[in-house]
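Trainee: could you look at this predicted model? Sequence included:
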Amino acid sequence: MVRAPTKKELEERVEQLIQEIEALQIARDDAARALQAAEGTVQAQQGELVAARAQADAAEEAATQARADADAARQLQAQLQAQLEAAAAAQPPAGPGGQDSVANLPEIPRPAGSGWSIREAMELDHPDYAEIQRSIRSLVIRSQLDWTDDFRRQDPDKLATFFRAARKAHPVLRRYMNNWATAAIARQYMQNKRKHAYRQGYIKKRPAPGDQAGNGPRRDGGGGMNGGGALAA
């Protein structure tokens with residue numbers, strides 16, 4: 001015959017069951033908190049994924065726009081080159097003559113020191129020099145050189161286009177090593193335009209890169225380089 005549990009045993013069993021229930025409740029609460037944290041992590045990761053996708057889409061759009069801008073810039077450069085070549089072709093050669101006659105003349109290096117005249121160093125008379133001056137002024141604008149900034153800070157590609165157009169318009173400019181004469185006339189023109197703009201208050205002065213006194217063409221009393229006079233803005 002099975003013995004009936006005593007009151008004490010029943011109380012102990014009830015206490016044990018209560019403890020087990022409490023442990024289960026704690027485990028359930030811990031599991032609920034862990035699930036909530038996991039859901040928060042998933043939501044955060046989903047948000048990061050959405051943001052990453054948006055960034056990727058924006059980057060792709062920016063890349064597409066950059067490619068379109070690059071294509072447009074190349075087309076503009078090609079158009080500018082065509083315009084410069086057309087302008088150069090429309091101008092008669094200045095100086096001693098055309099390209100064939102220039103090929104038989106010796107090259108002229110840039111004068112050393114300071115106080116030299118551009119025109120005299122180029123070995124040109126006043127009419128030929130004045131014609132080259134007018135052409136170079138026009139080509140500076142057509143080549144989109146930034147006359148508000150120092151010549152040494154100009155865009156190399158634009159400078160190359162400018163020098164090619166100047167040599168084509170005036171083959172005599174091929175005589176001057178490393179384009180020094182073309183650069184000197186252009187620099188003179190741009191400096192005088194800047195001075196006029198400074199006086200009128202159109203622009204503010206910028207420090208010239210490594211600008212040193214001397215070692216260049218001499219200046220006359222009117223503020224321009226000798227060998228062509230001060231250039232009007």
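Mentor: Thanks, I have the structure now. Residues are numbered from 1 along each chain as shown.

Trainee: all helices for the protein, in order.
Mentor: Using DSSP state H, the helices of the chain run over 7-90, 99-103, 118-122, 126-142, 156-169, 180-200.

Trainee: out of the ones you listed, the one nearest R110 is which?
Mentor: helix 180-200 (3.8 Å; C-beta to C-beta). Bear in mind the C-beta positions are built from the backbone N, C-alpha and C, glycine included.

Trainee: mind giving me the packing neighbours of that closest one?
Mentor: helix 118-122, helix 126-142, helix 156-169 (3 or more C-beta pairs under 8 Å, 6 or more residues apart in numbering; DSSP states H and E).

Trainee: low-confidence ranges in this structure?
Mentor: Scanning the chain for pLDDT under 70 picks out 85-104, 207-233.

Trainee: for A184, see how far away the residue nearest the centre of it is.
Mentor: By C-alpha atoms, centre = their mean, the chain has its centre lying nearest to D155, at 8.3 Å. According to C-beta to C-beta, to the nearest Å, D155 and A184 sit 19 Å apart.

Trainee: just to revisit the earlier point, who's in contact with the residue nearest to the centre of the chain?
Mentor: 145-146 (C-beta atoms under 8 Å, 6 or more residues apart in numbering).

Trainee: how close does it get to T161?
Mentor: Distance of D155 to T161, given as C-beta to C-beta: 9 Å.

Trainee: swap in Q200?
Mentor: 29 Å.

Trainee: what do you get for E120?
Mentor: In terms of C-beta to C-beta, E120 sits 28 Å off from T161.
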